[in-house]
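*Asks:* Predicted coordinates and the sequence they were generated for:
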Amino acid sequence: MSKRNWALLAATLVSIIYGVTFTIAKDVMPKYVEPFGFILMRVGGSMLLFWIITPFFSTEKIEKQDFPRIIAAAFFGVALNMLTFFKGLSYTSPIMGAVLMVTTPMIVLVLSAILMKERMQNRKIYGLILGLIGTVFLILYGKSVINASNATLGNILVFINAVSYGFYLIIVKKLMDKYNAFAFVKWIYTFGFLMVLPFGWSEFQAVDFTNVPMDIFWKIGFVVVFSTFLTYLLNLVSMRELKPTTVAVFIYLQPLFATIFAVSLGKDDVTWVKLISAVLIFTGVYLVTQKRVKSE
């Protein structure tokens, strides 16, 4: 198998893992572990794994002037990103959370136009408008009849998560160009752990581990090892061979996998509101990501 095919396979596996994570995480929180306590487990466990594995792949030293960028990446890519995602997911349903995450590529496009002065084509502007309409429609009217205690607040938090991740992708780009990713990811998760510690410590202490079923422990382990640690490693494999825009396209598969998994287990339902919102969002994403036939 060629390196490119391995990269495509890695990116697909990431989408499958993330799609499954929406439902698995809902089984853990908030019944057994509150969202911020779960984040502390996820970030802390992944931080330890990255520190253990990094010496086998990189001995690069980070220059002092790059630490502010690493700290910013930790804030947007770990702290704000994960805190809003898990808190939002505890209120909304798996399908709505997954569909809202699809707005990330469009958010990256807007941030690139603002921060990096990239010119936006009319087609992409139309796509952004359609995606925004779909997202607002889903946030306001996509209340699930099952497995969603406060869908509106949850959807808003997941959308903030998507914006935060968009900032992270732009911030981390220069680090990816300069260093081996293993050299800085351990620092991103270390600073991220310090940022989520004040929010998650009390909820972590409140967990009654004696009453947590064994299958929930396995699901917590899945989120730490597979949904965080392994997905980052797989993303490294895919980003070596594929352009960032190509890797981002695989985000669009997450709602598909999340929907199939959640509905098959009876954890969520499919409604016309969700279907219409999804069509608007996916149409917007399609228009945003299509390349022009003629050069600029």
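*Replies:* The structure has been received and is ready for your questions.
*Asks:* mind showing which ranges of the stretch 151-296 of the chain have poor pLDDT?
*Replies:* Applying pLDDT under 70 to the stretch 151-296 of the chain picks out residues 239-250, 252-256, 259-260, 267-269, 285, 288-296.
*Asks:* Helices along that one, start to end?
*Replies:* 151-178, 181-205, 214-224, 231-241, 244-249, 254-264, 272-289 (DSSP state H, counting those that start in this stretch).
*Asks:* Check the offset of the fourth one from the chain's centre.
*Replies:* For helix 231-241, the distance from its own C-alpha centre to the chain's C-alpha centre is 14 Å (C-alpha atoms, centre = their mean, to the nearest Å).
*Asks:* Run through who's touching that helix.
*Replies:* Applying C-beta atoms under 8 Å, 6 or more residues apart in numbering, the contact partners of helix 231-241 are 3-4, 6-8, 10-11, 13-14, 17-18, 46, 50, 176, 181-182, 185, 247, 250. Where you see a C-beta, it was placed from the backbone N, CA and C, and this is true even at glycine.
*Asks:* which of those residues are buried?
*Replies:* When those are checked for burial by 16 or more other C-beta atoms under 10 Å, the buried set is 7-8, 10-11, 13-14, 17-18, 46, 50, 181-182, 185, 247, 250.
*Asks:* Name the residues of stretch 152-170 that come out as buried.
*Replies:* Here stretch 152-170 shows 154-170 as buried, counting by 16+ other C-beta under 10 Å.
*Asks:* Looking at the helices of the stretch 151-296 of the chain, which is nearest to residue 105?
*Replies:* Residue 105 lies closest, by C-beta to C-beta, to one member of these: helix 244-249, at 4.8 Å.
*Asks:* all helices of the stretch 1-150 of the chain, in order?
*Replies:* For the stretch 1-150 of the chain, the helices defined by DSSP H, counting those that start in this stretch cover 3-28, 35-53, 67-74, 80-91, 94-101, 104-115, 122-141.
*Asks:* Tell me the helices and strands packed up against the last one.
*Replies:* Applying 3 or more C-beta pairs under 8 Å, 6 or more residues apart in numbering; DSSP states H and E, we find helix 122-141 packed against helix 94-101, helix 104-115, helix 151-178, helix 272-289.
*Asks:* do the same with the second one
*Replies:* Applying 3+ C-beta pairs under 8 Å, 6+ apart, one finds that helix 35-53 contacts helix 80-91, helix 181-205, helix 214-224.
*Asks:* I'd say residue 261 and residue 20 touch.
*Replies:* Yes - judged on C-beta atoms under 8 Å, residue 261 makes contact with residue 20 at a distance of 5.3 Å.
*Asks:* overlap in contacts of these two?
*Replies:* By C-beta under 8 Å, 6+ apart, no residue touches both residue 261 and residue 20.
*Asks:* returning to what we had before: can the helices and strands packed on helix 35-53 go into TSV with extra columns for distance to residue 272?
*Replies:* As requested, the helices and strands packed on helix 35-53 are arranged in TSV below (distance: least, C-beta to C-beta, whole Å):
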stretch	distance to residue 272
helix 80-91	22
helix 181-205	36
helix 214-224	31
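*Asks:* Looking at those, which is nearest to residue 67?
*Replies:* Of all the helices and strands packed on helix 35-53, helix 181-205 comes closest under C-beta to C-beta, at 7.5 Å.
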